[in-house]
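give me coordinates for this.
(one chain, ligands or ions: 2)
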Amino acid sequence: MAKSSRKKGRPEPAAQPATPKPAVSAAPKPPVSAVEMGARQREISVSEFFTKNRHLLGFDNPRKALLTCVKEAVDNALDACEEAGILPDVVVKLEVAANGGPPPPASQASRFRITVTDNGPGIVRQQIPPIFAKLLYGSKFHRLRMSRGQQGIGISAAGMYGQLTTGKPVQIISRTGARSPAHFFEVQIDTKKNEPLILEKKQIEWEAPRGTQVTIEVEGRYQKGRASVDEYLEQTIIANPHVKLTYLTPEGETKVLPRTYDQVPESPREIKPHPYGIELGMLLKMLQDTKSHWLSGFLAGDFSRVSPHLAEEICKTAGLSPRARPRDVLGQTAENLYKTIQSTKIMAPPTNCLSPIGEQAILSGLYQQIKGEFYTAVSRPPAVYRGNPFVIEAGLAYGRGPEQAQEDQQKQAVPLAEGEEADGNEHELARVIRYANRVPLLYQQSACAIFKAVLDTTWRNYGVTQSRGALPAGPMVIFVHMASVWVPFTSESKEAIAEYDEIHKEITLALRECGRRLGAFLRRRERAYSEQSRRDIFALYIEEVVESCNRLKGGRLPVAKLKEQLHKMALKRTGGEKTDQVLGKNGSGPEGLPHSIIVTPDGVEGEVPKIIAEPSTTVAANGNGHPAADDKGAEAAKGAESAKAAPRTEAKARGHGKARREHAGRVAQGRKTDRRPRCAHPTARSKARARRGKG
Ligand SMILES: Nc1ncnc2c1ncn2[C@@H]1O[C@H](COP(=O)(O)OP(=O)(O)OP(=O)(O)O)[C@@H](O)[C@H]1O
Ligand SMILES: [Mg+2]
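Ligands and ions are numbered 1, 2, ... in the order given. Take a look at the predicted model:
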């Protein structure tokens, strides 16, 4: 202020004597004494903490809260079924709850009743109250074994959110077997103590022979689309094709997402911590808690991959006696032991604690749920981060389905001008679907290691367009799954995976393999289309050439034989059987592309999954109508066979027209063809090749 007034040449005002603030000097606020401060200190219960910070658990807005509640209940149901070796059959029911007065339509409702029923092992009576009304209580936190839940917060937090927003308790019915009675409970959390309050408990009649049913009433908002309950259930089925999900929507629809894989995933084993994964503090605690009397026994017994021989060696290198009492190893001695462990070569942890989805099941899930022309799946070998074993799996579904691809090609009848870019799917960005221990992650995409690895992959190398720092463009769904005994989530709401170098590297390697296969498919298909179009042109002229020759010879030529010979020649000159194979015309698999499926208008090739016949009367909610590899599939294939005949005849009929011949002439001379696949995102080189008419 003073500076600007000087600039304008105004005289500076005389400095005002500073007047002391009477309030401050007259009555200074007495400082708080340590005693008073001490009196204010109070313990904070975990429930009080999470009531205030419910956003940390995924309850920040009503839409997300509804999803989180469904997710926690479904994840628990699937975990319980798999642990008990039962093929999960889960029913999710969303109802609009009337808040005094008639219930509003689902889109305007603000209160919902969520009921999730499973056919799992059930829960013993005494455990029901703490499981559903005590935070940080569960069976999965202390073990090293892959499961969807890990923290022991999920379902009790959902119940607490319901209690907070609607005041209603959680209702549970559970039965452990046909001969045991079903128990009904109504519980709430005492947030001050983080202890369950039982409002009601009784034995009831329940039609299910075994399983658990949870009902929670919550404030929420139901809206379809991205990150909705519907999307979560659909994505769950992709990574869990062994699950049958029945979804009763708040709009009164019944959707059945059928089981497409009939094997319960192999039950993962529980493992001990690997020495490389522990920190010094943890080692100190383990030394105090161990039941072993000797140090070498502790090392061999409490860690994985440490044999008694290796344990003795570690003790010797650290300058400690193998017979030392573990509890006496403290301070600098413990630190020496820790350093020795970290510098000793120890085998990577066992991986039977993991249950990856597997290439077959990923293919099955993608193929059933997403329309496309090319599918592939990759399971990486196990790797380790901070001593925790993990496996990365990736999958890819490319294209919009063969019907759409055909339409797209037909649309291209008008060739593009020089320099003109094909529009449409060039601008559509790929969709990334992320999973951790088979659970879809729907929020915080950009904070997730998976998303970052997709961005860091150079998709241009595989014939897909990609702007700098963006997702690849095109009709493509990228699937990535991390299976681990401990998934490093960035927060308690389990929405994004933290970016450890080892994890990033593994995701990148899996994506590159998928990309390589996609690139091979696109290149081959482009080449095959071009050869096919040349073959069609030859075929067009064969009729005329044969007729003319016959006329010249006075009608004495063996017409049929000549025609056959010319057709053979055309076949040979246009890639032969290979072209048919790539275009899916001769029934052989996609050679050189392991764990892949190719869908063409003429059929499906590769590792086509079997559909399990479900005795269901309801139509599958989201099946994409692809044929399968079983009897039903054979019928579908037959259908495809007859359908195949029709377009070909039609094409032939079209082929005799003038426009067709003119176009054919253009192609034969090597100019732009209308057969170029629209989805192929050809690179500049392949575009030029297509223009020259070479394959
Ligand atoms: N439907 C169910 N059937 C059988 N057991 C269940 C069921 N739901 C929950 N449980 C048991 O209750 C425990 C607590 O569940 P909760 O969802 O609170 O935690 P979690 O699944 O262990 O971990 P997270 O907080 O990561 O979900 C589980 O560990 C499981 O043992
Ligand atoms: Mg859980």
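
I'd say Val218 and Leu66 touch.
Yes: with contacts defined as C-beta atoms under 8 Å, Val218 counts as touching Leu66 at a distance of 6.6 Å. Bear in mind the C-beta positions are built from the backbone N, C-alpha and C, glycine included.

joint contacts of the two?
Overlap of the contact sets of Val218 and Leu66 (by C-beta atoms under 8 Å, 6 or more residues apart in numbering) consists of 112, 114.

quick check: phi and psi at the residue nearest to Leu57 when sequence neighbours are not counted.
Nearest in space to Leu57, with sequence neighbours left out and distances taken as C-beta to C-beta, 6 or more residues apart in numbering, is Ala157 at 4.7 Å. Backbone geometry at Ala157, expressed as degrees, to the nearest 10, gives phi -70, psi -40.

my read: Ala157 touches Phe50, true?
Yes: assessed by C-beta under 8 Å, Ala157 is found in contact with Phe50 at 6.2 Å.

which of the two has more residues huddled nearby?
Ranked by neighbour count (other C-beta atoms under 10 Å), Ala157 and Phe50 place Ala157 first, with 27 against 24.

ok, the residue nearest to Leu57 - contacts?
50, 54, 57, 59, 72, 135.

now those residues in JSON lines, with distance to ligand 1 and pLDDT?
Formatted as JSON lines, the contacts of Ala157 follow (distance: C-beta to the nearest ligand atom, whole Å; pLDDT from 0 to 100):
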{"residue": "Phe50", "distance to ligand 1": "11", "pLDDT": "90"}
{"residue": "Arg54", "distance to ligand 1": "14", "pLDDT": "90"}
{"residue": "Leu57", "distance to ligand 1": "9", "pLDDT": "90"}
{"residue": "Phe59", "distance to ligand 1": "13", "pLDDT": "94"}
{"residue": "Glu72", "distance to ligand 1": "6", "pLDDT": "96"}
{"residue": "Leu135", "distance to ligand 1": "8", "pLDDT": "93"}
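
which of those count as buried?
Buried members of those, counted by 16 or more other C-beta atoms under 10 Å: 50, 54, 57, 59, 72, 135.

show me the residues you listed that map onto helices.
50, 72 (DSSP state H).

nearest to ligand 1: which residue in the stretch 351-500 of the chain?
Among the residues of the stretch 351-500 of the chain, Lys494 lies closest to ligand 1, at 6.6 Å counting by C-beta to the nearest ligand atom.

burial of that residue, as a residue count?
Lys494 is flanked by 27 other residues according to other C-beta under 10 Å.

enumerate the residues of the stretch 101-250 of the chain near ligand 2.
Residues of the stretch 101-250 of the chain lying close to ligand 2 by C-beta under 5 Å from the ion are 149, 154.

so where do the strands sit in the stretch 101-250 of the chain?
Ranges of strands in the stretch 101-250 of the chain, per DSSP state E, counting those that start in this stretch, are 111-118, 170-175, 182-190, 195-204, 211-219, 244-248.

which neighbours do Ala157 and Phe50 share?
Common contacts of Ala157 and Phe50 (C-beta under 8 Å, 6+ apart): 57, 135.

surely Val604 is in a strand?
Yes: under DSSP: H, G, I helix; E, B strand; the rest coil, Val604 falls within a strand.

how about low-confidence regions in the stretch 401-550 of the chain?
By pLDDT under 70, the low-scoring segments of the stretch 401-550 of the chain are 402-426.

all helices for it, in order.
For the stretch 401-550 of the chain, the helices defined by DSSP state H, counting those that start in this stretch cover 402-411, 449-456, 501-552.

tell me the most buried of these?
Stretch with highest mean neighbour count among the helices of the stretch 401-550 of the chain: helix 449-456 (a mean of 21; mean count of other C-beta atoms under 10 Å).

quick check: residues of this structure near ligand 2?
Near ligand 2, when you scan the chain using C-beta under 5 Å from the ion, you find 76, 149, 154.

JSON lines for the residues you listed, including distance to Thr376 and pLDDT?
Shown next, in JSON lines, are the residues of the chain next to ligand 2 (distance: C-beta to C-beta, whole Å; pLDDT from 0 to 100):
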{"residue": "Asn76", "distance to Thr376": "32", "pLDDT": "97"}
{"residue": "Gly149", "distance to Thr376": "30", "pLDDT": "92"}
{"residue": "Gly154", "distance to Thr376": "33", "pLDDT": "93"}
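
can you put the helices of the stretch 401-550 of the chain in JSON lines and add distance to Ala300?
Listed next are the helices of the stretch 401-550 of the chain as JSON lines, based on distance: least, C-beta to C-beta, whole Å:
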{"stretch": "helix 402-411", "distance to Ala300": "58"}
{"stretch": "helix 449-456", "distance to Ala300": "34"}
{"stretch": "helix 501-552", "distance to Ala300": "26"}
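
which of those helices sits closest to Gly331?
Between Gly331 and those, the tightest spacing by C-beta to C-beta is seen for helix 501-552, at 31.2 Å.

quick one: that closest one to helix 449-456, angle?
Relative orientation of helix 501-552 versus helix 449-456 (axes from the mean of the first three to the mean of the last three C-alpha atoms, to 10 degrees): 50 degrees.

so how far is helix 501-552 off the chain centroid?
The chain centroid and the centroid of helix 501-552 are separated by 30 Å, computed with C-alpha atoms, centre = their mean, to the nearest Å.

isn't Asp75 right next to Ile153, touching?
No: the criterion here is C-beta under 8 Å, and Asp75 misses it with Ile153 at 11.8 Å.

of the two, who's got more company?
A count of neighbours by other C-beta under 10 Å puts Ile153 above the other of Asp75 and Ile153, at 24 against 21.

distance of the closest residue to the more buried one other than its chain neighbours from ligand 2?
Using C-beta to C-beta, 6+ apart and skipping residues adjacent in sequence, the residue nearest Ile153 is Leu135, 5.5 Å away. Distance from Leu135 to ligand 2, counting by C-beta to the ion, to the nearest Å: 12 Å.

quick one: Leu135 and Ala158 touch, right?
No: if you go by C-beta under 8 Å, Leu135 and Ala158 don't touch, sitting 10.9 Å apart.

neighbouring contacts of stretch 560-571?
Counting by C-beta under 8 Å, 6+ apart, residues outside stretch 560-571 touching it are 535, 538-539, 542-543, 545-546, 549-550.

so who does the closest residue to ligand 1 within the stretch 501-650 of the chain touch?
Proximity of the stretch 501-650 of the chain to ligand 1 (C-beta to the nearest ligand atom) peaks at Ile503, 19.0 Å away. Ile503 makes contacts with 385, 390, 392, 449, 482, 488, 497, as judged by C-beta under 8 Å, 6+ apart.

which residues does the fifth one bridge with?
Listed beta-bridge partners, Met482: Ile392, Ala436 (assigned using DSSP bridges).

quick one: contacts for it?
Applying C-beta under 8 Å, 6+ apart, we find Met482 in contact with 390-392, 435-437, 450, 497, 503, 507.

okay, those in JSON lines with distance to Ile478 next?
Converted to JSON lines, the contacts of Met482 look like this (distance: C-beta to C-beta, whole Å):
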{"residue": "Phe390", "distance to Ile478": "19"}
{"residue": "Val391", "distance to Ile478": "17"}
{"residue": "Ile392", "distance to Ile478": "13"}
{"residue": "Tyr435", "distance to Ile478": "11"}
{"residue": "Ala436", "distance to Ile478": "15"}
{"residue": "Asn437", "distance to Ile478": "19"}
{"residue": "Ile450", "distance to Ile478": "9"}
{"residue": "Ile497", "distance to Ile478": "15"}
{"residue": "Ile503", "distance to Ile478": "16"}
{"residue": "Ile507", "distance to Ile478": "10"}
